[in-house]
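Student: Provided below for reference: sequence and predicted model.
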Amino acid sequence: MALFNPATTNKISTGHSAALDFSQPAALDMASGKYVRIWQGPQHPGITGNMALELILDGDTIINCKTHVGYLHRGFEKLMEGRTFIQNFPVVCRIAVPEPAFNEYLYAKAVEEISGIDVPERAEWIRTLNLEMMRLSSFMMWIGGMSGAFGQYTVPNWTISCRDHVLDLFEEMTGGRIYHMYMVPGGVRAGLPAGFKGRAIEVMDSADKLLDQVERVLFNNTVFKARAKGLGVITPDLIDPYGIVGPNARGCGIKRDLRKDEPYLKYDELDFDIITHDDSDAYGRAYLRLQETRQSISLIRQCLERVPSKGAFQADMPNVLHWEVPAGETYVKAECTRGEYGYYMVTDGSEYVRRVHVRGPSYSHGIALMERLAVGNNIADIAGLMVSLHTYPPEIER
Amino acid sequence: MNNITINAEKQATTKAILDRLKKNFEVSDIVECKPGLTTLSVNKDKAETMIRELRDRETYTHLNFMTCTDYIEKNILRLTYMLHNYESKHSLAIHVDINRDQAEMTSIHRLWGQAWTYQRELREMYGIHFPDSPRLEEDFCLEGWDQMPPMRRDFNTAQYSHQTFGHREGRVSENPRQHMKINLYPNRGGDE
Amino acid sequence: MSNNNKAPLENAGLSVEEKPFFSHARPQAYQPYSTKAIEDFANWARAKSLWILAFGTGCCSIELRPLMTSRFDANRFGVAGRPTPRQSSVFVIGGYVSVKTLKRIIRSYEQMQGPKFIIALGSCPANGGMYFDSYNTINQFDLYLPVDMYVTGCMPRPEALLASIMDMQDDIRAGKCDGANHYVNNLDWYKKNQKKVIKNWDMPDYNW
């Protein structure tokens, strides 16, 4: 429950393995009637997706937690090996269901890097705009999920309707609300429609006003403060041993953001700072994400000002129906709402991709970290803990 | 275009690290895919020690992922460990080749907290055994699976899906190449 | 629905430890009321209060959240999301169904109290959709559970789902939605299909 001094938290401790705990708990006498084993999931209020927790309780306190995934497993990596490069591009957005645009961008970027295709300037700006809008809509849904997990249902109604206006913008831009299939290898599929900028700025203004209201209603709420403060504390010595990335790490004061550290697209020309927070509990992370939502809105406004209205939006591509990408491998990553999202691609010179591995940030947050943080909490707070780690199960099991 | 800015000092550090690895662990096939990503291959017996040394002494403290590629034509499974150094912003992809028929590799679950999850997934999808890895034989994604590990290249997923789940009549597939050949350009020769 | 009061219960005379936790009785088909007026009234009431089980099984269920909140507001159609199958009458199959989830869907569907309906969203339950060649997703959902309404799309918009709810309300009022009875009358055929794909069958034959 202690707060962390930012002066000492930027250095990760060198005792790397010290944070990992392999001690086996003492065997529990399940027949004694003192412990209850319950199954929370796959359907429960804590999460956008299906994931189960097998909890052993002593009264109301959790003493053991095991995660079970696989309810959403489609075998994407195998499906991608059986489709040509251009046939994969409509499929990949379905990997991370609530936030699909990053998959399209990273798949396109990986193929472009291996084949040496340069994306034109206008397409890069449009891609940046698309990704920031995706971050905005995903954060909006997350804020709704976070308050819903604590039983407060006003804020989800507000933020999910506001997110719907952003989905309307997506529909204008790309043709689809959720699955856009817009960022092709080589660029994007179309330019921005006429009048898009005016409509988008209206939506951003209303989103800004909404976030102020959300801050008043949710973050000043006594019940939310009492329940979320001190919940799911991530200490800095867990960051590298568990591979924690994104707002979960920035909530401990660690200044790491892929958009600043290893800039991609047009992020090196945009004006923003890395936001960190010192309380590394659920409340601190929620506040951090609220501020990142505001940061996304400001970045969208900057992109809308600077998107060129003339120029090619797609590079000259070879005939995609017969496309043999040269052999190679690469790893591309982007900063999505949950952290570092990566695509590792291996090609072997044929028309089919050899191997694609999707590295979702929820893989480490949702399983190993969740099992560690759940112990000692009240059963009522587990939903809030899962949401505060921002786990999206579809990207765990793909 | 890739616009990672790695300054010269960090590049020199990375080069020094790679030289040390070459000397101590006999790594081979060092390829710089792009500024900021290098791949190399190491022998299976030296891999875990090298990864440990990279983590403890060379500050490659972040494990991005651990995955596997099936090279069925060479009868190997190629494991890939991707490590990242936050200070020099350099990623290192370590390839370890193991035999396809006796797929076994030293576990790294004591080095990172999320590694045992990756090893569970690889056991289920490729059939690789990692001795002592926690909860290795437990089902990860698949329940009641009785076929060969599905990510191996000799597993035909479309055929399995058709046999087990059936398929609904009325589904039509277009092959654009065939359509063009027959309908649009019938007189043009060659397989274009 | 269960046995009549004269015959003894199947687990009569067993000690507490020996009694199984489930009943072996087979389900019975729902019979409509004898008077048409009462049946029409009952159908009207059912149609206007379709409570859906809040179990999002696949991709398409991401559109259930906008559906239930203030923009599309399914509540004005009488649709509310319920957390437990005991209180719901509609199961919305949101998108693709993996084998692991299918087992849980069957378990939840059989625990729902009749009359109950299934709406299948997207192309995945219809013919496998985008994942037709996946080793873990099923290709035809109505081999395993009866479907009353299909909504096409990938993914269908919330307006499409609202239109399907309105269509289903008309069908219920006309007395045409009897998927649950079809399930009971052809239980052996459905069970055979289910057991073919669910290899680790560790639940009762019918989940009361």
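Tutor: It's in. Remember, it's a predicted structure, so these values are computed and weren't measured experimentally. Numbers count the residues shown, from 1 in each chain, chains lettered A, B, ... in the order given.
Student: I'd say B:Ala158 and A:Gly82 touch.
Tutor: Yes. Using Cβ atoms under 8 Å, B:Ala158 is in contact with A:Gly82, at 6.7 Å. C-beta here means a position set from N, CA and C on the backbone, and glycine is covered the same way.
Student: what touches both of the two?
Tutor: C:Asp133 (Cβ atoms under 8 Å, 6 or more residues apart in numbering or on different chains).
Student: Setting aside sequence neighbours, what's the nearest residue to C:Ala126?
Tutor: C:Tyr150 (5.7 Å; Cβ to Cβ, 6 or more residues apart in numbering or on different chains).
Student: For the one you found, give me phi and psi.
Tutor: Torsion angles at C:Tyr150 (phi, psi; degrees, to the nearest 10) stand at phi -100, psi 140.
Student: Now do the contacts for it.
Tutor: Neighbours of C:Tyr150 in contact, by Cβ under 8 Å, 6+ apart: C:119-120, C:125-126.
Student: Which ones among those map onto strands?
Tutor: C:119-120 (DSSP state E).
Student: Need the contacts of C:Tyr150 in JSON lines (columns: distance to B:Lys46).
Tutor: Compiled in JSON lines, those are given as follows (distance: Cβ to Cβ, whole Å):
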{"residue": "C:Ile119", "distance to B:Lys46": "57"}
{"residue": "C:Ala120", "distance to B:Lys46": "54"}
{"residue": "C:Pro125", "distance to B:Lys46": "50"}
{"residue": "C:Ala126", "distance to B:Lys46": "53"}
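Student: Give me the helix or strand of chain B that scores worst on average pLDDT.
Tutor: helix B:176-179 (a mean of 77; mean pLDDT, DSSP states H and E).
Student: buried residues in it?
Tutor: Across helix B:176-179, burial judged by 16 or more other Cβ atoms under 10 Å in any protein chain shown covers no residue at all.
Student: any idea where the strands of chain B begin and end?
Tutor: With DSSP E as the criterion, chain B has strands spanning B:28-34, B:37-42, B:62-71, B:76-85, B:90-99.
Student: List the neighbouring strands of the third one plus their orientation.
Tutor: Read it as strand B:62-71. strand B:76-85 (antiparallel) (DSSP bridges).
Student: Likewise for the last one?
Tutor: Strand B:90-99 sits in its sheet next to strand B:37-42 (parallel), strand B:76-85 (antiparallel), going by DSSP bridges.
Student: Sort out which residues of stretch C:97-109 are buried, please.
Tutor: C:97-106, C:108-109.
Student: Please list the residues outside it that contact it.
Tutor: Taking Cβ under 8 Å, 6+ apart as the rule, stretch C:97-109 contacts A:42-43, A:50, A:70-74, B:141-144, C:53, C:55, C:57-58, C:85, C:91, C:93, C:116, C:118, C:124-125, C:136-138, C:141, C:144-145, C:194, C:197-198, C:203, C:207.
Student: Can you say which of those residues are buried?
Tutor: A:42-43, A:50, A:70-74, B:141-143, C:53, C:55, C:57-58, C:85, C:91, C:93, C:116, C:118, C:124-125, C:136-138, C:141, C:144-145, C:194, C:197-198.
Student: can you give me how far stretch C:117-127 is from the chain middle?
Tutor: 11 Å (Cα atoms, centre = their mean, to the nearest Å).
Student: go on, stretch A:285-292?
Tutor: On Cα atoms, centre = their mean, the centre of stretch A:285-292 falls 13 Å from that of its chain.
Student: What parts of the stretch 101-250 of chain A come near chain C?
Tutor: Proximity of the stretch 101-250 of chain A to chain C (Cβ under 8 Å from any Cβ of the partner chain) is limited to residues A:141, A:144, A:156-158, A:160-161, A:163-164, A:167, A:177-179.
Student: restrict those to those near chain B?
Tutor: Of these, not one also sits near chain B (Cβ under 8 Å from any Cβ).
Student: ok, and the closest non-adjacent residue to A:Glu397?
Tutor: A:His73 (4.2 Å).
Student: and what of A:Tyr267?
Tutor: A:Arg259 (4.3 Å).
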